[in-house]
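*Asks:* Take this sequence and fold it.
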Amino acid sequence: MNNLRELLNREIYRRSISGLFAHLFFLALIIFVLDGFYANTLYRPFPVLLLVVGLALRTLCLVAFKNKELVRKSIFFIGTLILGIAWGELALQIISYYGVESIQTMIAIGLLSTMVAISVSSLSAFPPALIVFLITCTAYPSYILFSQKQVLWNYLGLFFLLNLIYQLFAGYRIYRSIVKQLRELSKARRERQRLQEIIDAIPSLVIIINTQKTYEMVNNFQDGLFQKMFLGQDLGVVLPHSPVEKAFLNFLESNKSSESLEIQSYDFGPEDWFLVTMNRLDFDRGIICNVLPITDFVKTRNELQIQQARNDYASKLISLGEVAANITHELGNPLAIIRGCTEILKSELADSESSLVIKKINDIDSTVTRMAGIINGLKSISQHQGLELKNVKFKDVIEPVKEITSEKIKERGINLIVENEDESVDLFCDEVQISQVLLNLVGNAIDAISENDEKWIRISYKPGLEWCSIKVQDSGKITSEEVIEKMMLPFFTTQNNKEGTGLGLSLSEKIIKEHQGRLTYLKEEPTTTFLISLPRMT
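*Replies:* Numbers count the residues shown, from 1 in each chain. Predicted coordinates:
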């Protein structure tokens with residue numbers, strides 16, 4: 001009830017604004033039309049002065065006493081009373097001056113009737129003021145007109161009286177309509193308030209977006225921060241490039257009834273993740289969205305999955321190590337025998353003039369050497385029992401990588417360039433793990449440039465005073481900003497053949513971080529370039 005009374009009070013002063021303009025407009029119109037009346041009548045200032053006083057009091061109610069409703073309504077009532085007396089007196093003056101049968105009187109009566117009808121609409125929210133206005137502006141003129149002996153004057157008085165009755169009935173109907181609308185509005189506000197209380201109790205961000213793509217309701221999640229940012233704003237204005245807002249827009253424009261997504265957003269942090277749940281409201285009123293921060297959950301889940309992947313990877317390496325050990329055991333002696341035989345053949349044929357025989361012997365020797373290198377590389381890169389930091393030569397780190405990838409590089413016609421391979425400054429690292437990182441980077445590069453016209457991979461080692469850097473560069477180029485942003489994320493892969501797990505770079509980054517170093521992608525380079533930075537400790 002109090003809420004309805006408050007809305008009704010607001011409606012009184014909201015409607016009175018149009019009433020004030022109506023009074024001023026019709027007063028100016030009557031003065032313009034009946035200029036002769038004001039030029040020859042000694043009494044013309046009286047009703048005009050009353051009108052000015054009444055309008056001043058009504059205007060005062062709009063700007064003052066907003067915290068004292070009783071005083072405000074009393075002043076409004078007095079101002080309306082004065083306006084009614086002023087218009088009644090003005091009507092009598094016009095009738096007395098021009099006579100009942102004059103065209104000027106008919107025009108004036110028509111203008112006054114229209115003004116009264118407009119005033120009824122503006123005063124209907126305040127019945128006492130409406131009644132006093134109608135009585136003062138029509139009852140007194142009606143009494144004077146009925147007191148005259150001429151029949152036409154009596155008819156005009158009857159018109160005023162009937163107009164009074166009709167306007168009272170019209171005002172009553174308008175008042176009923178206003179009260180009905182305000183009750184519905186009050187009910188809607190109470191429901192909205194209850195809904196606001198419900199969504200405020202939810203410990204996550206809740207948003208209602210209407211069909212006009214405007215944030216209609218936002219709960220007070222995080223002390224109302226998002227209410228201040230989004231409430232009343234159009235979708236896409238506050239955060240125009242937000243993937244969360246893009247998800248809202250896509251769902252709003254779709255035919256889905258509900259949808260749930262895990263979305264990574266850079267709006268409020270470098271690695272924020274959100275669970276966004278969207279449902280469509282009944283009667284096509286828009287959508288309701290729940291945005292739950294799940295960054296810690298996603299990180300924990302990814303860590304577990306990465307650890308599982310590392311365990312699987314370690315198991316594969318152990319198996320590979322066992323295979324390499326068996327191969328070394330089974331093929332070590334035969335390879336040594338073959339190499340010994342080739343040495344004997346070389347010495348026996350040292351003076352031979354058959355270049356073809358010598359060439360074939362050299363080919364056999366180089367093949368044996370390469371086979372031994374591959375076996376040793378596999379054995380080296382697979383034998384690992386935890387992080388073991390020590391001073392190692394860069395050549396010892398890169399050699400297994402070269403041996404393992406040599407056949408694939410040769411098959412695909414790729415030129416592998418290794419710079420500063422014999423640099424004397426040691427790396428302080430786990431030899432096997434850094435070899436694994438380089439093997440992963442080189443393997444990615446081979447897959448990326450296999451279809452290119454220009455195929456090369458350059459690996460360079462550069463020691464510094466505090467950091468040693470290894471740069472792996474290939475002839476390809478990553479042009480997608482999305483790929484650049486997400487390439488280090490677990491399970492992100494660009495391979496459509498489902499062969500890639502999306503864990504290579506994330507595992508490599510984790511290995512480098514365990515070395516207190518950094519693995520970064522250099523966007524400023526003209527081709528794809530990764531930089532490994534390791535602290536120099538000797």
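
*Asks:* So which residues of the stretch 1-150 of the chain form helices?
*Replies:* Under the criterion DSSP state H, counting those that start in this stretch, the stretch 1-150 of the chain contains helices at 2-33, 35-40, 45-63, 69-98, 103-123, 127-134, 140-146.

*Asks:* Not counting its own residues, what contacts the last one?
*Replies:* Contact partners of helix 140-146, identified using Cβ atoms under 8 Å, 6 or more residues apart in numbering, comprise 85, 88-89, 91-92, 95, 153-154, 156-158, 160-161, 164. C-beta: built from backbone N, CA, C; applies to glycine.

*Asks:* 10 Å instead?
*Replies:* With contacts defined as Cβ atoms under 10 Å, 6 or more residues apart in numbering, helix 140-146 is touched by 84-85, 87-92, 95-96, 100, 112, 135, 152-164.

*Asks:* still on that earlier bit, out of the helices of the stretch 1-150 of the chain, nearest to Gly476?
*Replies:* Closest approach to Gly476 among those is made by helix 2-33 (67.6 Å; Cβ to Cβ).

*Asks:* Which elements pack onto that closest one?
*Replies:* Using 3 or more Cβ pairs under 10 Å, 6 or more residues apart in numbering; DSSP states H and E, the elements in contact with helix 2-33 are helix 35-40, helix 45-63, helix 69-98, helix 103-123, helix 127-134, helix 151-200.

*Asks:* Quick one: mean pLDDT for that helix?
*Replies:* Averaged over helix 2-33, pLDDT sits at 76.

*Asks:* re earlier: of the helices and strands packed on helix 2-33, which is nearest His241?
*Replies:* Going by Cβ to Cβ, the one of the helices and strands packed on helix 2-33 nearest His241 is helix 151-200, 26.4 Å.

*Asks:* ok, then the element right after the closest one?
*Replies:* Per DSSP states H and E, the first helix or strand lying C-terminal to helix 151-200 is strand 205-209.

*Asks:* From the contact counts, what lies against that following strand?
*Replies:* Against strand 205-209 (3+ Cβ pairs under 10 Å, 6+ apart) you get helix 151-200, strand 215-218, helix 221-230, helix 243-252, strand 272-280, strand 287-293.

*Asks:* Direction included, what does it pair against?
*Replies:* In the sheet, strand 205-209 lines up against strand 215-218 (antiparallel), strand 287-293 (antiparallel) (DSSP bridges).

*Asks:* Report how many residues lie close to Glu216.
*Replies:* Glu216 has 18 neighbouring residues, counting by other Cβ atoms under 10 Å.

*Asks:* again, but for Gly171
*Replies:* Count around Gly171 with other Cβ under 10 Å applied: 23.

*Asks:* cool, Thr520 as well?
*Replies:* That count, for Thr520 with other Cβ under 10 Å as the rule, works out to 14.

*Asks:* now it, nearest residue through space, not along the chain?
*Replies:* Spatially, and ignoring its direct neighbours in sequence, Thr520 is nearest to Leu531 (5.2 Å; Cβ to Cβ, 6 or more residues apart in numbering).

*Asks:* residues contacting the one you found?
*Replies:* Leu531 touches 462, 469-473, 518-522, 525, counting by Cβ under 10 Å, 6+ apart.

*Asks:* swap in Glu253?
*Replies:* If you count contacts by Cβ under 10 Å, 6+ apart, Glu253 has them with Lys213.

*Asks:* Where does pLDDT dip in the stretch 201-350 of the chain?
*Replies:* Residue ranges of the stretch 201-350 of the chain with pLDDT under 70: 268-271, 309-333, 348-350.

*Asks:* and Glu525, helix, strand or coil?
*Replies:* On the three-state scheme (DSSP: H, G, I helix; E, B strand; the rest coil), Glu525 is labelled coil.

*Asks:* got the buried residues for stretch 272-279?
*Replies:* 272-278 (16 or more other Cβ atoms under 10 Å).

*Asks:* same thing with stretch 11-28?
*Replies:* Neighbour counts using 16+ other Cβ under 10 Å place 11-13, 15-16, 19-20, 22-23, 26-27 of stretch 11-28 among the buried residues.

*Asks:* from the chain's centre, how far out does that stretch sit?
*Replies:* 44 Å (Cα atoms, centre = their mean, to the nearest Å).

*Asks:* Convert the C-alpha atoms of that stretch to PDB, please.
*Replies:* Extracted C-alpha coordinates of stretch 11-28, given in PDB (Å, rounded to 0.1, in the frame of the first residue of the first chain):
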ATOM      1  CA  GLU A  11       2.400  10.400 -10.800                       C
ATOM      2  CA  ILE A  12       0.700  13.600  -9.400                       C
ATOM      3  CA  TYR A  13       3.800  15.800 -10.100                       C
ATOM      4  CA  ARG A  14       4.800  14.000 -13.300                       C
ATOM      5  CA  ARG A  15       1.400  14.700 -14.800                       C
ATOM      6  CA  SER A  16       1.300  18.300 -13.500                       C
ATOM      7  CA  ILE A  17       4.200  19.300 -15.800                       C
ATOM      8  CA  SER A  18       2.000  18.900 -18.900                       C
ATOM      9  CA  GLY A  19      -0.900  20.700 -17.000                       C
ATOM     10  CA  LEU A  20       1.400  23.700 -16.400                       C
ATOM     11  CA  PHE A  21       2.200  24.000 -20.100                       C
ATOM     12  CA  ALA A  22      -1.500  23.700 -20.900                       C
ATOM     13  CA  HIS A  23      -2.400  26.600 -18.600                       C
ATOM     14  CA  LEU A  24       0.300  28.800 -20.100                       C
ATOM     15  CA  PHE A  25      -0.500  27.900 -23.700                       C
ATOM     16  CA  PHE A  26      -4.300  28.500 -23.500                       C
ATOM     17  CA  LEU A  27      -3.700  31.800 -21.600                       C
ATOM     18  CA  ALA A  28      -1.400  33.000 -24.300                       C
END
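
*Asks:* still on that earlier bit, and of the buried residues of stretch 11-28, the nearest to Gly236?
*Replies:* Glu11 (35.4 Å).

*Asks:* distance of the spatially closest residue to that closest one that is not a sequence neighbour from Phe76?
*Replies:* Excluding its sequence neighbours, the residue lying closest to Glu11 (Cβ to Cβ, 6+ apart) is Ala125, at 4.3 Å. Going from Ala125 to Phe76 by Cβ to Cβ, to the nearest Å gives 11 Å.

*Asks:* same thing with Gly84?
*Replies:* Taken as Cβ to Cβ, the span from Gly84 to Phe76 is 13 Å.

*Asks:* now do Val120
*Replies:* The gap separating Val120 from Phe76 is 16 Å, by Cβ to Cβ.

*Asks:* Next: Ile207.
*Replies:* According to Cβ to Cβ, Ile207 and Phe76 sit 41 Å apart.

*Asks:* In terms of neighbours, single out the busier of these two.
*Replies:* For Ile207 versus Phe76, the count of surrounding residues by other Cβ under 10 Å is larger for Ile207: 27 against 23.

*Asks:* ok, the more buried one - contacts?
*Replies:* 199, 215-219, 221, 226-227, 230-231, 235, 244-245, 248, 276, 278, 286-291.

*Asks:* Restrict those residues to the buried ones and give me that as a PyMOL selection.
*Replies:* In PyMOL, a selection of the buried entries from these looks like this (16+ other Cβ under 10 Å):
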select buried, resi 199+215+216+217+218+219+221+226+227+230+235+244+245+248+276+278+286+287+288+289+290+291
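
*Asks:* And what about Leu465, helix, strand or coil?
*Replies:* Classification of Leu465 using three-state DSSP returns coil.

*Asks:* Find the nearest non-adjacent residue to it, please.
*Replies:* Excluding the flanking residues, the one nearest Leu465 by Cβ to Cβ, 6+ apart is Arg536, at 7.2 Å.

*Asks:* follow-up on the earlier one: TSV for the helices and strands packed on strand 205-209, including distance to Ile446?
*Replies:* Listed next are these as TSV, based on distance: least, Cβ to Cβ, whole Å:
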stretch	distance to Ile446
helix 151-200	53
strand 215-218	49
helix 221-230	47
helix 243-252	32
strand 272-280	32
strand 287-293	39
